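[1] Dropping the sequence and predicted coords here.
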Amino acid sequence: MTIGLYPYLPVRAAEVQFVIQIKDHRFIPAELVIPSGVKVSIVLDNQDDTPEEFDSHALNREKHVPPKSRVTLFIGPLDPGRYLFEGESSETRGNAALGMLIAQ
Amino acid sequence: MIARPLPQAWDGIGAVRPGSFFDVARTMNALSFHAGPFGRILTGLVLALVARTASAADASEYLFLPSVVQDEREIDWHLGVGSSGARTRHRENSGLGLGIGVTQRWFTEVAVSYRRDMYAGTRLDAFEWENVVQLAEPGEWPVDIGLAFNVEQPHNSTEGPSLRMGPLLQKEFGRFQANLNVLYSRHFRTTDFQTTQSHYQAQIKYRYSQPFEFGAQAFGSLGTAQQTWSSYSEQVHRLGPVVLGRLVIPGERSLSYNLGYLIGTTARSPDRTLRLQVEYEF
């Protein structure tokens, strides 16, 4: 499984950036390991021709991702644990994409 | 997004209204709008609380949030009932709005509000245009900041429109979330309101699960119609517990609710306020 860790130059001090691709209404990677106790940014890169929505009560984030575009989320610092997120595309009714953020 | 008309200062207007519980019950039954078992449960909770507060009534009010979800559309319904004073004073307000996240940073909603009291019955109160601008992504800054900008046009009144605006602040602490909104309103072409009015909204909640969160809310107005900042006894302060949640409906839809019971802390505040907000997001 690919872990989308991109060692970009931090936009802000001590901020690490990750990338999650959205392709065929699936999150790639479906599981992403991030450091706990650190604020991170996650780029959602939607490669589909339809919009997707990133939704997670555990992370307290809900974000619309237009087709063929990128948006950035800012997460944490998180306690160690597993944080579920899911997609809400109208194309995947009843079969939403699921993903897991693992802070460790 | 949970949308949020600004507090209308409790003006003490109203009077004893025999049978008001049954009027509230009728309102609740009429407005539970086929929400299924969930709606019936909420209606039951509201009626039970109203029954305990006798002829409760108040203006409705709810919290603005600084975050925006693009393309999210919502139908927002809210109701507030309350009572106040040594003799019961009664007010009910309700409203219905339609909102949409136009961009990643701008949410807008148009709404109509209704008001009911003993002498005038139910009447159209105002037309509202509400806007929230999200200044940064949630979590990007140490405190999430948005701006509220709302215009209200009273119906059937000689008064002109009013403008209300101010910063919306939000901070997460693990599963806790705290909000503080500081809002200012200005009435135009009016003889009643001679100064800029200042208000606040505050909330702290524990995000236990998506369908069930709980916490406390506070709402207040710091001045009177003649003063931007008045003495404490002339201010309006209400606070109390709140339960909130969001139920996901298949097909990219959801139903959000928040139900609060507020207690007034000054003579100018309504003694008890029961407020309910339900949003259908699609």
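    Perfect, I can see it now. Computed from a prediction, not measured in an experiment: that's the story for all the values here.
[2] In the sheet, which strands lie alongside the helix or strand harbouring residue B:273, parallel or antiparallel?
    Element membership of residue B:273 [criterion: DSSP states H and E] is strand B:272-281. Within its sheet, and counting by DSSP bridges, strand B:272-281 is paired with strand B:73-84 (antiparallel), strand B:253-264 (antiparallel).
[3] Dump it to PDB, keeping only the CA atoms.
    Output in PDB follows, covering the C-alpha atoms of strand B:272-281 (Å, rounded to 0.1, in the frame of the first residue of the first chain):
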ATOM      1  CA  ARG B 272     -36.400  30.100  30.400                       C
ATOM      2  CA  THR B 273     -35.800  29.500  26.700                       C
ATOM      3  CA  LEU B 274     -36.300  26.300  24.800                       C
ATOM      4  CA  ARG B 275     -34.900  26.300  21.300                       C
ATOM      5  CA  LEU B 276     -34.700  23.800  18.600                       C
ATOM      6  CA  GLN B 277     -33.100  23.800  15.200                       C
ATOM      7  CA  VAL B 278     -33.300  21.200  12.500                       C
ATOM      8  CA  GLU B 279     -31.500  21.200   9.200                       C
ATOM      9  CA  TYR B 280     -31.900  19.000   6.200                       C
ATOM     10  CA  GLU B 281     -28.700  19.000   4.200                       C
END
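[4] Nearest to chain A: which residue in chain B?
    With C-beta to the nearest C-beta, the shortest gap between chain B and chain A falls at residue B:139, namely 3.5 Å. All C-beta atoms are positioned from the backbone trio N, CA, C, and that covers glycine.
[5] Distance of the nearest residue to that residue once chain neighbours are set aside relative to residue B:170?
    Closest residue in space to residue B:139, ignoring its immediate chain neighbours: residue A:74 at 3.5 Å, by C-beta to C-beta, 6 or more residues apart in numbering or on different chains. Look at residue A:74 and residue B:170: by C-beta to C-beta, to the nearest Å, they are 13 Å apart.
[6] what residues do these two have in common as contacts?
    Common contacts of residue A:74 and residue B:170 (C-beta atoms under 8 Å, 6 or more residues apart in numbering or on different chains): residue B:138.
[7] Report the secondary structure state of residue B:233.
    Secondary structure for residue B:233, judged by DSSP: H, G, I helix; E, B strand; the rest coil, is helix.
[8] Could you count how many residues lie near it?
    9 (other C-beta atoms under 10 Å in any protein chain shown).
[9] my guess is it meets residue B:268, correct?
    Yes. Checked against C-beta atoms under 8 Å, the pair residue B:233 and residue B:268 is within contact range at 7.2 Å.
[10] Test my guess that residue A:57 contacts residue B:212.
    No. If you go by C-beta under 8 Å, residue A:57 and residue B:212 don't touch, sitting 10.7 Å apart.
[11] who has more neighbours, residue A:74 and residue B:170?
    residue B:170 (22 against 19).
[12] just to revisit the earlier point, comparing the strands paired with strand B:272-281, which comes out most buried?
    strand B:73-84 (a mean of 23; mean count of other C-beta atoms under 10 Å in any protein chain shown).
[13] more crowded one of residue A:57 and residue B:212?
    residue A:57 (20 against 13).
[14] Let me see the contact set for that one.
    B:207, B:209-210, B:246.
[15] Please pick the buried ones from the residues you listed.
    Using 16 or more other C-beta atoms under 10 Å in any protein chain shown as the burial test, the contacts of residue A:57 include B:207, B:210, B:246 as buried.
[16] Need phi/psi at the closest residue to residue B:235 other than its chain neighbours.
    With sequence-adjacent residues excluded and distances taken as C-beta to C-beta, 6+ apart, residue B:235 is closest to residue B:222, at 5.4 Å. Main-chain torsions, residue B:222, degrees, to the nearest 10: phi -100, psi 0.
[17] give me every residue that touches residue B:222.
    Contacts of residue B:222 by C-beta under 8 Å, 6+ apart are B:198-200, B:228-230, B:235.
[18] Residue ranges in chain B under the pLDDT threshold?
    Low-confidence segments of chain B (pLDDT under 70): B:1-59, B:84-90, B:118-119.
[19] all helices for it, in order.
    Here chain B has its helices, by DSSP state H, at B:20-31, B:36-52.
[20] could you list every residue that touches the closest residue to chain B within chain A?
    For chain A and chain B, the shortest gap (C-beta to the nearest C-beta) falls at residue A:74, measuring 3.5 Å. By C-beta under 8 Å, 6+ apart, the contact list for residue A:74 reads A:39-42, B:137-140.
[21] Which members of the residues you listed are the farthest-apart pair?
    A:40 and B:138 (13.5 Å; C-beta to C-beta).
[22] can you list the weak-confidence ranges in chain A?
    A:1-14, A:90-94.
[23] Near chain B, which residues of it are found?
    Contact residues, chain A versus chain B (C-beta under 8 Å from any C-beta of the partner chain): A:39, A:51, A:53, A:57, A:60-64, A:66, A:71-76, A:79, A:88-90, A:93-94.
[24] make it 7 Å
    With C-beta under 7 Å from any C-beta of the partner chain as the criterion, chain A comes near chain B at residues A:51, A:57, A:60-62, A:64, A:72-75, A:79, A:88, A:90, A:93-94.
[25] which parts of the helix or strand harbouring residue A:72 are buried?
    For residue A:72, the host element (DSSP H and E) is strand A:69-75. Neighbour-count burial for strand A:69-75 flags A:71, A:73-75 (criterion: 16+ other C-beta under 10 Å).
[26] Next SSE downstream of that strand?
    Counting by DSSP H and E, what follows strand A:69-75 is strand A:81-87.
[27] Report all helices and strands that that next one contacts.
    strand A:52-56, strand A:98-103 (3 or more C-beta pairs under 7 Å, 6 or more residues apart in numbering or on different chains; DSSP states H and E).
[28] Kindly reformat those strands as TSV containing distance to residue B:239.
    As requested, the helices and strands packed on strand A:81-87 are exported to TSV (distance: least, C-beta to C-beta, whole Å):
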stretch	distance to residue B:239
strand A:52-56	30
strand A:98-103	34
